[in-house]
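Participant: Provide a 3D model corresponding to the input given below.
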Amino acid sequence: MSTAVMSAVAESAEQRAALRSARIRAVIFLLFTLASFSAASAAGAKEAIFSFWIDKIGGKDIILTFPIAVPWLISGAISGAIATLQFLRGASFRWRAAIGIAAPFYAVATVGALLDGTAANLTVLFTGTLNYAAPVAIGSLAGIISERSGVLNIAIEGKFLLGALAGAVASSLFGVAIAGPIAGLLIGAAVGLLLAVLGLRYKVDQIVAGTIINIGALGITNFLYLRVLQRYPDLNQPVNIDPVTIPVLSDIPVIGNIFFNLSPYFYVAVLLVGFFTYAIFKTRWGLRLRASGEQPSAAGTVGVDVIKLRYRSMILAGALAGFAGSYLALSGTGGFGMGISSGRGFIALAALIFGAWHPVYAFGAALIFGFADATQTLLSILGVGLPPQVLLAVPYVMTIIVVAGLIGRVRGPASAGRPYEQG
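Facilitator: The predicted structure is shown next:
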């Protein structure tokens, strides 16, 4: 069999698999449609009572009351349209973007159903969602950059911990807020370089190397917290980075309090997502980065120094993760504490997988995780009888569904984690 024939056969098999996955997704969206309409029917005349701060947090508020069935019906209609388009357009349909359209309506419907008539202010819920999503989004960017270059990066959790510790200590020592993010960035870059040396120079299995860094970071930060920070508490009293109020825009009723009175980390995250989306897919650097992760030997034949590119990518990824880690200690948490990352580094990994190694989709996944986190906090405050672990588990279940290929095969960079010998 000739090479051309074999290539055509492989391409045909791949197209059939993609079409099969698209049909499965259509069925899943149809099930969501039926579940939404069923929930709307079960809700009956029950009402959701939501409020928003109009002028400022704690000031005047506006109360919205509407039947819970309404958002369920809208969610069902959107899911039905998605199912139809997915079936008709097949693999070409951008289902991740479609989820982004349906998600807000499902969020409102779910929160209303869980509250079961309890009044809740959603301004804090939405600001919490955006703020919680910021470090996860930046951490997922770190994973995307390193893995797009061909190096597995499961050490984001360890970089978060070290970045948080370095940020707290530096901010406390220098007495200025900016010292914290800079210190987190530097320590993250150093850890990224260490991971690159282990994986690229000494050919240590990259999963093992990342695991060692995660475990080592946990041990080191716990030791320093117990032996140093508790004895010298002045080293753990950082200058908090407070939310930024954007002039004029923050005065917009309702919306201003939600989108224009947030942590600077969120705005940085949005800028970084936009910048790296353009850089990865529209620039020469991005083309070389993707080539190094997919076909490093081919990239090498056209003059790309794959090893050097991977070193630089790992340092950049480490800097981003360390910077994101500094958020944990500097955003009103009172400094560094043991296990302060609470698995957010692994959540960032889940976000990049769910987002198929694309910055925008990974950011959307980070928002889902942030919403789950903020919602369980709200429900706990209001005393709603639902175990918070249930809500926090939802994004992970969704990620498992994606990784398992039930709604389409998710494939990372082909050469990620594979040793490469540069000629």
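Participant: show the contacting residues for the residue nearest the centre of the chain.
Facilitator: Residue closest to the mean C-alpha point of the chain, counted by C-alpha atoms, centre = their mean, is residue 366 at 2.9 Å. Contact partners of residue 366, counting by C-beta atoms under 8 Å, 6 or more residues apart in numbering, are 133-134, 136-137, 140, 347-348, 351. Glycine gets a C-beta too; all of them are placed from N, C-alpha and C.
Participant: show the pLDDT at residue 10.
Facilitator: For residue 10, the model assigns a pLDDT of 50.
Participant: which stretches of the stretch 51-200 of the chain have low pLDDT?
Facilitator: Nowhere does the stretch 51-200 of the chain drop to pLDDT under 70.
Participant: quick one: the strands in it?
Facilitator: Applying DSSP state E, counting those that start in this stretch to the stretch 51-200 of the chain gives strands spanning 61-67, 120-121.
Participant: pick the most deeply packed of the ones you listed.
Facilitator: Scoring the strands of the stretch 51-200 of the chain by mean neighbour count under mean count of other C-beta atoms under 10 Å gives strand 120-121 as the most buried, with a mean of 18.
Participant: got the buried residues for stretch 414-423?
Facilitator: Residues of stretch 414-423 classed as buried: 415-417, 420 (neighbour count, 16 or more other C-beta atoms under 10 Å).
Participant: tell me the one among those residues nearest to residue 88.
Facilitator: Residue 88 lies nearest to residue 416 out of the buried residues of stretch 414-423, by C-beta to C-beta, at 33.8 Å.
Participant: distance-wise, check the closest one relative to residue 305.
Facilitator: Distance, residue 416 to residue 305, using C-beta to C-beta, to the nearest Å: 18 Å.
Participant: would you format the contacts of residue 366 as a markdown table with distance to residue 13 and neighbour count included?
Facilitator: Below are the contacts of residue 366 laid out as a markdown table (distance: C-beta to C-beta, whole Å; neighbours: other C-beta atoms under 10 Å):
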| residue | distance to residue 13 | neighbour count |
| --- | --- | --- |
| 133 | 38 | 27 |
| 134 | 41 | 25 |
| 136 | 36 | 32 |
| 137 | 36 | 31 |
| 140 | 31 | 36 |
| 347 | 34 | 29 |
| 348 | 33 | 32 |
| 351 | 30 | 30 |
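Participant: just these now: which is nearest residue 335?
Facilitator: For the contacts of residue 366, the nearest to residue 335 is residue 134 (18.6 Å; C-beta to C-beta).
Participant: still on that earlier bit, so how far is the helix or strand the residue nearest to the centre of the chain falls within from its chain's centroid?
Facilitator: Using DSSP states H and E, residue 366 sits within helix 359-382. Relative to its chain's centre, helix 359-382 lies at 10 Å (C-alpha atoms, centre = their mean, to the nearest Å).
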